[in-house]
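Peer 1: compute the structure for the input listed below.
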Amino acid sequence: MYKKTKLSNGLRIVSKRNSGVQSASLGIWIKIGGRYETADQKGISHFLEHLLFKGSAKYSCRAIKELIEGVGGSLNGFTSEELTCYLVKIPKRYLASSLDILSDIVAYPCLKQADIDKERTVILEELKMYRDLPQSYVYELLDELLWPKQALGAPIIGTVDSVTKINRQSLKNYQSRHYTAPNIVISAAGLVDHDLLVKNASSIFSLQKEAKFNEFTPVRENQDRPQLKIFHKETEQTHMALGFHALKRDHPLRHAQSILHIILGANMSSRLFNEVREKRGLAYEIGSALKRFTDTGAFLVHAGIDNSKVEDALSLIFRELGKTKKALLPIDEFRRAKEFYLGQLALALEDTMEYMLWMGESVACLDKVYTLQQVIKEVNKVSLEDIRQVAAGLFNNKAINLALIGPLGKLEGSIYEKLNLG
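Peer 2: Predicted coordinates:
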């Protein structure tokens, strides 16, 4: 079982002790990300995440890396639509010092002008790299279709214009306004002493005062027709990203949606992999994915398709999606998908890093953690009709969003006519 403590200033600490390991994984989560940003500051959450590793009040950039990596640990960070996380995995005896390092970069970053100037160049090159990778850029095009002119539909990394305009004062203001105690979660898993973790965190963050929760603008989703966006480029294959608005993070049917994802495209036993790749050879890479947010979600299908077989592949994909809303799954396929879902989760939670990520994200977004036993119980209650109900809610012709990158010439009209799930 995990343990959870809330300090008087609102900062939350969650941990899970595993006595069978010698490592500990630690993360400091801030409830801030791409969808909290205004248009003129787009990319600032990601920019700030990069800069925090450049030095803090107590630690230089070199010291931050050497104190973690020099004892066999690993150090990283990431920014998503709703969260920013700074994380380490280290031998257990270095947990306290790692907490001090991560806490110092979160609370007291230097944000030197020279570092800002250098990192801006790095981020602009990163942005160009993603634009040059059609398998990445196609998702940016899809997000623009799913959530047009909204923060959730804009790239987390920002744009050339927005990243260029971000300055030191805006970064300092953003950090002080949003990196506040109620928006911070400390998550740890492995050979962890919860009481000691709480004591150390309380001492480090004692100067953090209670503040307001960060808030974002809820999404607007009123799609009434299928949408298609084609980016013409001379690529060796056509890159496809298909998306439907889906269930929010804690929706009662979230497990049914996950099982539907497994049925359609999560592994090599999935319907899309078998029908599109194995039987007909229309694509090399094909699968499905889920995005989960506080107030919405997305069900995605991605593929790399033979340029001459795009229309055939799309027709087959739509047909397979349409089948799931019309008929109940065969019972053996349903059972295999459930077992895969629970088996993958159980295997992941054997790793201290995965458990830390599981707890931290859940507490930051939902203020609770589901145990593996609770998830097993909930998944076992999912019925065949639940799967069909989710599919029927997601997959309809007016809800189709399709982004394509490739040498498609004058096919836009004929492709649009094929946006039909039957």
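Peer 1: contacts, neighbours, all on C-alpha from now
Peer 2: Will do.
Peer 1: next, count neighbours for residue 29.
Peer 2: 27 (other C-alpha atoms under 10 Å).
Peer 1: identify the residue spatially nearest to it, adjacent ones excluded.
Peer 2: residue 85 (4.4 Å; C-alpha to C-alpha, 6 or more residues apart in numbering).
Peer 1: let me know the next secondary structure element after whichever strand or helix holds residue 46.
Peer 2: In this structure, residue 46 sits in helix 44-52 according to DSSP states H and E. Downstream of helix 44-52, the first helix or strand assigned by DSSP H and E is helix 61-69.
Peer 1: list the buried residues for that following helix?
Peer 2: Buried residues in helix 61-69, counted by 16 or more other C-alpha atoms under 10 Å: 64-65, 67-68.
Peer 1: now do the strands in the protein.
Peer 2: According to DSSP state E, the chain carries its strands in the segments 3-6, 12-17, 23-30, 74-79, 84-91, 184-190, 227-232, 237-246, 283-292, 297-306, 401-406.
Peer 1: and of the ones you listed, who's closest to residue 42?
Peer 2: Residue 42 lies closest to strand 74-79 among the strands of the chain, at 12.5 Å (C-alpha to C-alpha).
Peer 1: outside of that closest one, which residues touch it?
Peer 2: Strand 74-79 has contacts (C-alpha atoms under 8 Å, 6 or more residues apart in numbering) with 33-34, 45-46, 49, 65, 68-69, 84-90, 156.
Peer 1: who wins for most neighbours among those residues?
Peer 2: Neighbour counts for the contacts of strand 74-79, by other C-alpha under 10 Å, peak at residue 45, which reaches 29 neighbours.
Peer 1: I'd like the distance between the nearest residue to that residue once chain neighbours are set aside and residue 115.
Peer 2: Spatial nearest neighbour of residue 45, excluding adjacent residues (C-alpha to C-alpha, 6+ apart): residue 33 at 5.5 Å. Residue 33 sits at a distance of 21 Å from residue 115 (criterion: C-alpha to C-alpha, to the nearest Å).
Peer 1: now swap in residue 332 and tell me
Peer 2: Residue 332 is 57 Å from residue 115, by C-alpha to C-alpha.
Peer 1: for residue 279, same thing?
Peer 2: Between residue 279 and residue 115 the computed distance is 53 Å (C-alpha to C-alpha).
Peer 1: quick one: which of those two has more around it?
Peer 2: Per other C-alpha under 10 Å, whichever of residue 279 and residue 115 has more neighbours is residue 115, with 16 against 10.
Peer 1: any idea how far the more buried one lies from residue 191?
Peer 2: Going from residue 115 to residue 191 by C-alpha to C-alpha gives 36 Å.
Peer 1: residue 283: how many residues sit nearby?
Peer 2: Using other C-alpha under 10 Å, residue 283 has 21 other residues around it.
Peer 1: for it, which residues count as its bridge partners?
Peer 2: Beta-bridge partners of residue 283, counted by DSSP bridges, are residue 305.
Peer 1: isn't it right up against residue 307?
Peer 2: No - contact criterion C-alpha atoms under 8 Å: residue 283 and residue 307 do not qualify, at 9.5 Å.
Peer 1: great, nothing more from me.
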